[in-house]
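Peer 1: How does the following fold in three dimensions:
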Amino acid sequence: MLCLSGLSVALALALVPGSSEALKEGDCEVCVTFLGKFYQSLKDKDVKFNSADIEKALTASCKDTKGKENRFCYYIGATSDAATKMINEVSKPLSYHVPVEKICEKLKKKDGQICELKYDKQLDLTSVDLKKLKVKDLKKILEEWGESCKGCAEKSDFIRKITELMPKYAPAAANARTDL
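Peer 2: Numbering: from 1, shown residues only. Below is the predicted model of the structure:
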């Protein structure tokens, strides 16, 4: 009798969803954001919500991604160089209109790296002092703009290049800065 009641308690605890399964605030930031934008784009384009069409659209949208979103696409197998193919773990639930948070929870169980991806914090170019940034951060600014600094050897070279290109890529920041 005692064994039977202990078994029923264990079964009840196993069926109750644990707090470790649900996503916490900020978990799977890239996954939730990317899939949310992707789902919205599917609705805007009136794509048929079947698994095959969603896979094609996901592969096509992953070709244009950069940075953390490209890494996410690599993890789910939506890039040409990906080693695994978990793309159906995204396309099938999306075809049933499953919320992206639930899809990301499921992906987290399959591959924990997916939820470790976080976006880099954006620099406010209107107020940041470029002289106080690391060269790595200066290079990242140029990389985000799709530019490079050939022949740059010192920090001042990178700062000069950024201030030259700022009116082109961040005109609001260029107008707000007073040190130019």
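Peer 1: Now do the SS call for Lys24.
Peer 2: Assigned with DSSP: H, G, I helix; E, B strand; the rest coil, Lys24 falls in the coil class.
Peer 1: and if you look at Lys48?
Peer 2: When classified by three-state DSSP, Lys48 comes out as coil.
Peer 1: hang on, isn't Asp53 packed against Lys45?
Peer 2: No - look at Asp53 against Lys45 with Cβ atoms under 8 Å: they stay out of range, at 10.2 Å. C-betas here are computed from N, CA, C, even on glycine.
Peer 1: Tell me which of those two has more neighbours.
Peer 2: Taking other Cβ atoms under 10 Å, Asp53 and Lys45 do not tie; Asp53 has more neighbours (14 against 8).
Peer 1: ok, and the more buried one, which helix or strand is that part of?
Peer 2: Per DSSP states H and E, Asp53 falls inside helix 51-63.
Peer 1: C-alpha coordinates for that helix, CSV please?
Peer 2: Below are the C-alpha coordinates for helix 51-63, written out as CSV (Å, rounded to 0.1, in the frame of the first residue of the first chain):
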residue,chain,number,x,y,z
SER,A,51,6.2,22.1,-43.3
ALA,A,52,7.8,22.1,-46.8
ASP,A,53,7.0,25.7,-47.7
ILE,A,54,8.2,26.9,-44.2
GLU,A,55,11.5,25.0,-44.6
LYS,A,56,12.1,26.6,-48.0
ALA,A,57,11.3,30.1,-46.6
LEU,A,58,13.4,29.5,-43.5
THR,A,59,16.4,28.4,-45.6
ALA,A,60,16.0,31.4,-47.9
SER,A,61,15.8,33.9,-45.0
CYS,A,62,18.8,32.3,-43.3
LYS,A,63,20.9,33.0,-46.3
